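Asks: just coords:
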């Protein structure tokens, strides 16, 4: 894997067949995807200002994330919490998952499969209760609405009017944990 440096910022270069260039920060790490024949340095230089600004933003977010406290919960306490919340939200949403599973995920807090099974990231165990509730409600809302369109957003707002704040908190916890 090729890496170049921009003022102390390591940049992972991924070469692919195709013509499109893509620059992105994934979990605070800079990544440039470009055609095999292209030199990455002019591309990076052309977007230097954006890269530097975004890198500084991620640095500040990481500092905020470091200050977050993790909750100490036993497996049993966490399972009881998930059972209680999923039961509560099954009534609110008039939808019940076909099952709930747990697994370590690298980039998301939960998922809802086509068959109605919900998978939750095991890291939820250390998050504050309101964020756990928000994730469980979000995934269970997918039992009613499969996408993130207006109907889905209305469902989320009905239970969590401050959902944007919760999303921001989850992003900070993602930087700390995932």
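Replies: Received, thanks. What you are looking at is a predicted structure, and each value in this text was computed from that prediction instead of being measured.
Asks: Surely residue 100 is within a helix?
Replies: No: checked against DSSP: H, G, I helix; E, B strand; the rest coil, residue 100 lies outside a helix; its state is strand.
Asks: Hmm, residue 89 and it touching each other?
Replies: No: in this structure residue 100 lies outside contact range of residue 89 using C-beta atoms under 8 Å: 11.4 Å. C-beta: built from backbone N, CA, C; applies to glycine.
Asks: Settle it for me: which of these two has more neighbours?
Replies: Using other C-beta atoms under 10 Å as the criterion, residue 100 and residue 89 rank with residue 89 on top: 22 against 17.
Asks: and the gap between the residue lying closest to residue 11 once chain neighbours are set aside and residue 92?
Replies: The shortest distance from residue 11 to any non-neighbouring residue, by C-beta to C-beta, 6 or more residues apart in numbering, is to residue 30 (4.5 Å). Noted for residue 30: a distance of 41 Å to residue 92, by C-beta to C-beta, to the nearest Å.
Asks: Comparing the two, which residue is more hemmed in?
Replies: Remark: of residue 30 and residue 92, residue 30 carries more neighbours, 22 against 14, as counted by other C-beta under 10 Å.
Asks: What does the more buried one show for phi and psi?
Replies: Backbone torsions of residue 30, given as degrees, to the nearest 10, read phi -80, psi 130.
Asks: What pLDDT is listed against it?
Replies: According to the prediction, residue 30 has pLDDT 92.
Asks: which residues does the spatially most central residue of the chain contact?
Replies: Nearest residue to the geometric centre of the chain (C-alpha atoms, centre = their mean): residue 108, 4.3 Å. Residue 108 sits next to residue 121 when contact means C-beta atoms under 8 Å, 6 or more residues apart in numbering.
Asks: just to revisit the earlier point, the residue nearest to residue 11 contacts residue 12, correct?
Replies: Yes: Residue 30 is within contact range of residue 12, at 6.9 Å (criterion: C-beta under 8 Å).
Asks: so where's this protein shaky on pLDDT?
Replies: Per-residue confidence for the chain (pLDDT under 70) gives these ranges: 27.
Asks: SS state for residue 124?
Replies: Looking at residue 124 with three-state DSSP, the answer is helix.
Asks: count of residues packed around it?
Replies: 22.
Asks: May I have the phi/psi pair for the closest residue to it other than its chain neighbours?
Replies: Nearest non-adjacent residue to residue 124, counting by C-beta to C-beta, 6+ apart: residue 132, 5.2 Å away. Note on residue 132: backbone dihedrals following degrees, to the nearest 10 are phi -60, psi -50.
Asks: what's the domain layout of this protein?
Replies: Per automatic domain parsing, the domain ranges recorded for the chain read 2-66, 75-177.
Asks: Perfect, I'm done here.
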